[in-house]
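S.K.: make a model of this:
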Amino acid sequence: MKRQMELFLIILLPILGLVFLGGKIMTLTKRPEQKVTASSSKKVEQKSEEEIKKEQVAYLKEHEQKVVDLVKVQNPKVESVQIDWDQTQWSDGGLTTPEYYMNVYGRINNIEESGWGVDIPINDDNTLNLDEMYIGSDIRVEGRLFE
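M.R.: Coordinates of the predicted model:
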């Protein structure tokens, strides 16, 4: 029995080490700073991360109705959707899904104690992928699921 346990540990420890090392490598090789080069005939312009985020928000504001429609389709009792642009965040998917997202939050039906969240994937070229956005935080009112 002791021999079986030793063999089990001999096999398991390297596997766990590889999993841990793979996770560390993924966090260390995070996507580089969001910089985009736009070439013109005379010069190369680099956009800062802040400029890229402003462009993403502006683009989303132009397509705000898609977010509103996604939230409304979650429940027939949702009559109106309010987006709280000040709460917009950017995040990565974490260790298992190293994708980048724009996270948008808001309320429904002008209820102060309501909330929802939509996650929008960001493509490699820093554009928003509105076709693959999804509800990241269910609609809630006063902390409970909206029914």
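S.K.: check contacts around the nearest residue to L128 once chain neighbours are set aside.
M.R.: Distances taken as CB to CB, 6 or more residues apart in numbering place I120 nearest to L128, at 5.1 Å, with adjacent residues excluded. For every residue, glycine as well, the C-beta is placed using N, CA and C. The neighbourhood of I120, defined by CB atoms under 8 Å, 6 or more residues apart in numbering, consists of L60, Y101, M102, N103, V104, L128, N129, L130, E132, M133.
S.K.: beta-bridge partners for I120, please?
M.R.: Beta-bridge partners of I120, counted by DSSP bridges, are M102.
S.K.: and the contacts of I120, which is closest to D84?
M.R.: V104 (8.2 Å; CB to CB).
S.K.: check contacts around S114.
M.R.: So S114 contacts R107, I108, I139, R140, V141, E142, F146 (CB under 8 Å, 6+ apart).
S.K.: who does it bridge with?
M.R.: With DSSP bridges as the rule, S114 is bridged to V141.
S.K.: before we move on, back to that, give me the buried entries from the contacts of S114.
M.R.: Neighbour-count burial (16 or more other CB atoms under 10 Å) applied to those gives R107, I108, I139, V141, F146.
S.K.: before we move on, the earlier item: can I get the contacts of S114 in JSON lines including distance to Q89 and pLDDT?
M.R.: What follows is those, written out as JSON lines (distance: CB to CB, whole Å; pLDDT from 0 to 100):
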{"residue": "R107", "distance to Q89": "16", "pLDDT": "97"}
{"residue": "I108", "distance to Q89": "19", "pLDDT": "96"}
{"residue": "I139", "distance to Q89": "18", "pLDDT": "94"}
{"residue": "R140", "distance to Q89": "18", "pLDDT": "95"}
{"residue": "V141", "distance to Q89": "22", "pLDDT": "94"}
{"residue": "E142", "distance to Q89": "23", "pLDDT": "93"}
{"residue": "F146", "distance to Q89": "22", "pLDDT": "88"}
